[in-house]
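> What follows is a predicted protein model with its sequence.
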Amino acid sequence: MQPTGRLHLGNLEGALKNWVALQNDYEMYCCIVDWHSLTSDYEDTSTLQEKIKEVSLDYLSAGLDPNKCAIFVQSQVKEHAELHLLFSMITPVARLARVPSYKEKRKELGLDSYGFLGYPLLQAADILIYKADYVPVGKDQLPHIELAREVARKFNTLYGQVFPEPEALLTKFPVIPGIDGRKMSKSYNNDIAIADTAEETTKKVSVMFTDPQKIHKNDPGRPDLCPVFHLHKIYTENYQEVHTLCSTGKLGCVEDKKNLARNLNQKLKDIREKRKELEKNPEKLWKVLDQGAQKARAKAGQTMQDVRKAMRLIQ
Ligand code: ADP
């Protein structure tokens, strides 16, 4: 995850919850990618440390356990940069220019730097440096995983087998909509944060987009097109009943949203309480990140030895 601020429900349901479940069965590396965040937020870095703290608080409160997985900051493991540099020698510029997120965000955010073009290649290095078999991400990341697979194949063909080809591990909810119905994203300003208060959450849910054809309370709605219903599927036990009531015109949007907000706040209560506790002890967070970086460096260092040997950079 990028340290661009507090994580939102898309990050939680699309990725983080999966990590919490996987940490018991896999050797796992959870990286806060500060270099990546500089591709867009390079002008004002005054709050970067604060944002790193926020993401690590979200990680730990959601249930990541530093004894089971390595939690660390990307820039503390310099090997990622070395591998990125070497990958940049074998990757055509045209291949990077074809990546969908490059094309979209370049226009949308007006980004045009060398580092921004190389973003998915740095991500390939983040993945391959741990010789990862699986990458637990949301659906939006699939083109980036595909690039990582291609880079692994090309490297192996040129210099001999070093990297496995990583596969994505999607969750049950690969795309969570934001309050405006687009993909929930920090950069669209349409998110509900894990750390929002119950009141903030209720307010955000109350202005969520709904089916535009359902104008009056008793109009039948189309829940399958409605972002509010999408969140019900995650946070409401009897969501099928909501579907029936909405589509037969027996449930108005105002009441429906109130119900969703209540369920959402209930489901997030434990995470939010844990977060409040952890906030009291920031020293502990920095220690977790230091320990994580040590563990990550050990593994990344081994991989780089294999890479340097394969490329004849060392004997
Ligand atoms: P953002 O779009 O807010 O900047 P990131 O691109 O940093 O989020 O995403 C971090 C992780 O969270 C990725 O694994 C991504 O797939 C997942 N993710 C982000 N937004 C969503 C969403 N709306 N639905 C599902 N997963 C998401």
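Received the coordinates, thanks. Numbers count the residues shown, from 1 in each chain.
> in this protein, which spans are strands?
Ranges of strands in the chain, per DSSP state E, are 28-32, 69-73, 134-136, 167-169.
> will you turn those strands into CSV that also has mean pLDDT, mean neighbour count and distance to the ligand?
No exception for glycine: its C-beta is placed from N, CA and C like everyone else's. Shown next, in CSV, are the strands of the chain (pLDDT from 0 to 100; neighbours: other Cβ atoms under 10 Å; distance: least, Cβ to the nearest ligand atom, whole Å):
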stretch, mean pLDDT, mean neighbour count, distance to the ligand
strand 28-32, 97, 22, 10
strand 69-73, 98, 24, 15
strand 134-136, 94, 19, 7
strand 167-169, 94, 16, 9
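> list the contacts for residue 193?
5-9, 200 (Cβ atoms under 8 Å, 6 or more residues apart in numbering).
> can you list the strands of the chain in TSV and add distance to residue 228?
Below are these laid out as TSV (distance: least, Cβ to Cβ, whole Å):
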stretch	distance to residue 228
strand 28-32	31
strand 69-73	33
strand 134-136	27
strand 167-169	28
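> Show the pLDDT at the residue in the stretch 1-150 of the chain that the ligand sits nearest to.
Closest residue of the stretch 1-150 of the chain to the ligand, Cβ to the nearest ligand atom: residue 14 (1.9 Å). On the pLDDT scale, residue 14 is placed at 87.
> Looks like it contacts residue 137 (just checking).
Yes: counting by Cβ atoms under 8 Å, residue 137 is a contact partner of residue 14 at 7.4 Å.
> Around the ligand, which positions in this structure sit nearby?
By Cβ under 6 Å from any ligand atom, the residues of the chain that approach the ligand are 1-2, 4, 10-11, 14-15, 137-138, 140-141, 174-176, 183-187.
> Residue 83 and residue 129 touch, don't they?
Yes: under the criterion of Cβ under 8 Å, residue 83 makes contact with residue 129 at 5.2 Å.
> what residues are shared contacts of these two?
Shared contacts of residue 83 and residue 129, counting by Cβ under 8 Å, 6+ apart, come down to 303-304.
> Among the contacts of residue 193, show me the least confident.
residue 5 (86).
> how deep is it tucked in, by neighbour count?
Counted by other Cβ atoms under 10 Å, the residues lying close to residue 5 total 18.
> could you list every residue that touches it?
51, 54, 186, 193.
> Starting from the ligand, give me the distance back to the last one.
Distance of residue 193 to the ligand, given as Cβ to the nearest ligand atom, to the nearest Å: 10 Å.
> Check that residue and give its pLDDT.
Taking residue 193 on its own, its pLDDT is 97.
> if we can go back for a sec, so which of the contacts of residue 5 is the most crowded?
residue 54 (23 neighbours).
> My guess is it contacts residue 194. True?
No: taking contacts as Cβ under 8 Å, residue 54 lies outside contact range of residue 194: 9.6 Å.
> and for these two, which residues touch both?
Taking Cβ under 8 Å, 6+ apart as the contact rule, residue 54 and residue 194 both touch 6-7.
> what does stretch 171-188 contact?
In this structure, residues lying in contact with stretch 171-188 by Cβ under 8 Å, 6+ apart are 4-5, 8-10, 13-15, 17-18, 40, 105, 109, 136, 138-140, 190-192, 204-205, 207-209, 227, 230-231, 233-234.
> buried sites along that stretch?
By neighbour count on 16 or more other Cβ atoms under 10 Å, the buried set for stretch 171-188 is 171, 173-179, 181, 183-186.
> Quick one: mean pLDDT for that stretch?
Across stretch 171-188, pLDDT averages out at 89.
> Quick check: closest non-adjacent residue to the residue of the stretch 201-315 of the chain found nearest the ligand.
When scored by Cβ to the nearest ligand atom, the stretch 201-315 of the chain has residue 230 as its residue closest to the ligand, at 10.1 Å. Leaving aside its chain neighbours, residue 230 sits nearest to residue 177 (5.2 Å; criterion: Cβ to Cβ, 6 or more residues apart in numbering).
> bridging residues for the one you found?
Per DSSP bridges, the residues bridged to residue 177 are residue 183.
> do the same with residue 72
residue 31.
> my read: it touches residue 34, true?
No: with contacts defined as Cβ under 8 Å, residue 72 does not count as touching residue 34, sitting 10.4 Å away.
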